[in-house]
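# 3D, please:
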Amino acid sequence: MGDENSKFFHSIATVRHRRNLITSLNSPSGVPVYDHNSKAELIWSNFKDRLGSSSYQNMLFDLDSLFGQPYDLSSLEVPFSNQEIDEVVKNLPPDKSPGPDGFNNDFLKKCWFLIKHDFYNLCSAFFF
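Here you go, the predicted model:
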């Protein structure tokens, strides 16, 4: 239905075009520019002026105080246990789909006794 040449499709395309359209730009002297060639020239000249220039300013805040002490992330290197995987699957909402394959979480829960070893192997292969 998305490829159908409908009135709805054309209205959405018109709205998107209007939202993405730059109708005017102000020149450095403050005069608004409306025609395409003048806007392109204004953008090009601004780009050329900025190219190769650096306007670095000193930071007025201390990054160490913002981020604090580093966390101990060593637990992220430990492989998942089967109990952790079982707990995650148990807590999944039943009516949501984890991916584009169309199988919802209710399917995973009801067939877990058949497919859990494949999931365990997948998760253990993640760490190797």
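# From now on I want contacts and neighbour counts done on CA atoms only, so please keep to that.
Fine.
# Could you look up the next helix or strand downstream of the helix or strand harbouring Arg16?
Element membership for Arg16, per DSSP states H and E: helix 7-20. Moving toward the C-terminus from helix 7-20, the next helix or strand (DSSP H and E) is strand 25-26.
# strand partners of that next one, parallel vs antiparallel please.
strand 32-33 (antiparallel) (DSSP bridges).
# Specify the next element, helix or strand, located C-terminal of the partner strand.
helix 36-50.
# Which positions within that next one qualify as buried?
Across helix 36-50, burial judged by 16 or more other CA atoms under 10 Å covers Lys39, Leu42.
# Quick one: mean pLDDT for that helix?
In this model, helix 36-50 has a mean pLDDT of 91.
# With stretch 96-108 instead?
pLDDT averaged over stretch 96-108 gives 76.
# What is the distance between the worst-scoring helix or strand of the chain on mean pLDDT and the centre of its chain?
Lowest mean confidence among the helices and strands of the chain (mean pLDDT, DSSP states H and E): helix 63-67, at a mean of 77. Its chain's C-alpha centre lies 25 Å from the corresponding centre of helix 63-67 when counted by CA atoms, centre = their mean, to the nearest Å.
# same question, stretch 17-26
Using CA atoms, centre = their mean, the offset of stretch 17-26 from its chain centre is 25 Å.
# So for it, first residue to last residue, what's the gap.
21 Å (CA to CA, to the nearest Å).
# buried residues in that stretch?
In stretch 17-26, counting by 16+ other CA under 10 Å, buried: Leu25.
# Contacts made by it with the rest, please.
Defining contact as CA atoms under 8 Å, 6 or more residues apart in numbering, one finds that stretch 17-26 is touched by Pro32, Val33, Tyr34, Asp35, Lys39.
# Next, the fourth one: phi, psi?
Yep, that's Asp35 we're talking about. phi -80, psi 150 (degrees, to the nearest 10).
# and it, what is it in contact with?
Asp35 neighbours (CA under 8 Å, 6+ apart): Ser24.
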